[in-house]
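Colleague: Just a sequence and a predicted model for now, questions to come.
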Amino acid sequence: MALETTLILCKPDAVSRGLVGEIVGRIERRGYVITAMRMMQLTGDKAREHYAEHNGKPFFQGLVDFITSGPLVALAVEGEGAIEGMRQMIGATNPLTAAPGSIRGEFGQTIGLNLVHGSDSKGSAERELKIFFNANEFVSRKHDLAKWLAD
Ligand code: IDP
Ligand code: MG
């Protein structure tokens with residue numbers, strides 16, 4: 001395994017249903033580190049760029065329409081093997097077949113309303129993170145609280 005950073009999106013259904021805290025909480029409790037986080041509403045251009053691999057598929061337009069329909073929360077998530085680890089935590093694309101205990105398995109409604117995006121490979125993660133974050137927006141999490149607790 002290697003230290004990796006992956007792009008996670010709490011899609012507009014997650015924001016609308018008040019599930020951002022649940023999703024972020026799972027990421028934190030897993031021990032992954034959030035190094036960037038932003039709420040935003042995607043433009044059509046950004047959505048088409050993010051989902052470029054699906055251009056031409058029958059669900060592409062609906063996917064772009066949905067992901068731009070309301071605010072989402074984008075996160076950069078860092079950890080050992082975080083790309084595959086987050087994919088496991090998110091679960092299969094269709095909530096009907098997503099593993100029990102996964103985010104989609106517990107909370108997903110339909111294949112379109114499946115709450116979360118997670119990069120599927122190192123290449124995708126590098127490409128997708130650039131769509132959502134500028135290089136200067138990633139923070140260092142090496143923060144020693146002991147110094148601030150000491151009196
Ligand atoms: P993933 O999100 O699990 O990586 P992808 O195959 O990359 O799944 O598809 C991207 C998103 O497009 C999915 O999360 C889902 O919301 C939507 N999607 C994928 N396949 C279909 C489909 O057959 N019908 C409708 N929406 C789909
Ligand atoms: Mg995908």
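Modeller: Yep, that arrived. Ligands and ions are numbered 1, 2, ... in the order given.
Colleague: What are the boundaries of the strands in this protein?
Modeller: Secondary structure of the chain (DSSP state E): strands located at 3-10, 33-40, 72-80, 116-118.
Colleague: just so I know, which of the ones you listed lies nearest ligand 1?
Modeller: Among these, the nearest to ligand 1 by CB to the nearest ligand atom is strand 116-118 (5.4 Å). Quick note: C-beta positions are derived from backbone N, CA and C, even for glycine.
Colleague: could the strands of the chain go into a markdown table alongside mean neighbour count, distance to ligand 1 and mean pLDDT?
Modeller: Converted to a markdown table, the strands of the chain look like this (neighbours: other CB atoms under 10 Å; distance: least, CB to the nearest ligand atom, whole Å; pLDDT from 0 to 100):
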| stretch | mean neighbour count | distance to ligand 1 | mean pLDDT |
| --- | --- | --- | --- |
| strand 3-10 | 22 | 9 | 98 |
| strand 33-40 | 15 | 18 | 98 |
| strand 72-80 | 21 | 12 | 98 |
| strand 116-118 | 23 | 5 | 99 |
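Colleague: Select, out of those, the one closest to residue 27.
Modeller: strand 72-80 (5.8 Å; CB to CB).
Colleague: how about the nearest residue to residue 83, chain neighbours excluded?
Modeller: Distance criterion CB to CB, 6 or more residues apart in numbering; nearest residue to residue 83, sequence neighbours excluded, is residue 6 at 4.5 Å.
Colleague: who are the neighbours in contact with that neighbour?
Modeller: Listed by CB atoms under 8 Å, 6 or more residues apart in numbering, the contact set of residue 6 reads 76, 77, 82, 83, 86, 118, 119, 125, 129.
Colleague: Then residue 87?
Modeller: The neighbours of residue 87, taking CB under 8 Å, 6+ apart as the test, are 118, 120.
Colleague: Distance check, it against residue 104.
Modeller: Counting by CB to CB, to the nearest Å, the gap from residue 87 to residue 104 is 11 Å.
Colleague: Tell me where this protein has helices.
Modeller: Taking DSSP state H as the test, the helices found in the chain are 12-16, 20-30, 44-50, 60-67, 82-90, 103-107, 122-132, 146-149.
Colleague: what would those helices look like in TSV with distance to residue 139?
Modeller: Formatted as TSV, the helices of the chain follow (distance: least, CB to CB, whole Å):
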stretch	distance to residue 139
helix 12-16	22
helix 20-30	15
helix 44-50	22
helix 60-67	25
helix 82-90	16
helix 103-107	24
helix 122-132	14
helix 146-149	17
